[in-house]
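In: any chance you can model this:
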Amino acid sequence: MMIKTGKCTPSSTTFSWFIADGVKEMRYYEKIDGSKYRNIWVVGDLHGCYTNLMNKLDTIGFDNKKDLLISVGDLVDRGAENVECLELITFPWFRAVRGNHEQMMIDGLSERGNVNHWLLNGGGW
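Out: Residues are numbered from 1 along each chain as shown. Got it, this is the predicted structure:
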């Protein structure tokens with residue numbers, strides 16, 4: 001479920017993440033200086049499994065003051081703790097790239113999208 005990256009070089013890498021407030025969307029791009037973190041961890045496809053993530057972070061000794069966690073998409077849908085997973089984007093030790101499930105949610109909640117497509121893929125929580 002979780003992959004630890006190798007040592008980061010001092011050069012910055014660009015990642016993107018999103019904030020969704022209902023159907024309102026904000027895009028934000030950030031350069032991350034890997035030298036500022038003890039470890040950078042990467043995780044994908046949480047799908048609403050917040051407690052499972054927190055247990056894994058405890059197991060690896062994740063330190064939210066020294067480490068960074070990057071989600072490569074699909075924070076939501078299918079699991080029971082979707083709101084908790086979305087709230088991760090508010091923490092300074094967490095970054096996320098928008099996955100197809102986040103996009104389905106944004107589209108499904110907007111006039112341009114198909115809510116049924118989102119619901120069939122685990123949405124509607």
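In: hey, let's count contacts and neighbours off CA atoms from now on
Out: Noted.
In: low-confidence stretches in this protein?
Out: 1-28, 100-101, 118, 125 (pLDDT under 70).
In: one more pass at 90, please.
Out: Within the chain, the stretches with pLDDT under 90 are 1-32, 44-45, 47-48, 72-80, 82-83, 86, 89, 96-125.
In: isn't Val115 up against Gln103?
Out: No. Using C-alpha atoms under 8 Å, Val115 is not in contact with Gln103, being 11.4 Å away.
In: apart from its chain neighbours, what residue comes closest to Asn39?
Out: Asp67 (4.9 Å; C-alpha to C-alpha, 6 or more residues apart in numbering).
In: neighbours of the one you found, just the number please.
Out: 17 (other C-alpha atoms under 10 Å).
In: you'd agree it is up against Trp93?
Out: Yes. With contact defined as C-alpha under 8 Å, Asp67 reaches Trp93; the gap is 6.7 Å.
In: neighbours of Lys31, just the number please.
Out: By the criterion of other C-alpha under 10 Å, Lys31 has 11 neighbours.
In: helix, strand or coil for it?
Out: strand (DSSP: H, G, I helix; E, B strand; the rest coil).
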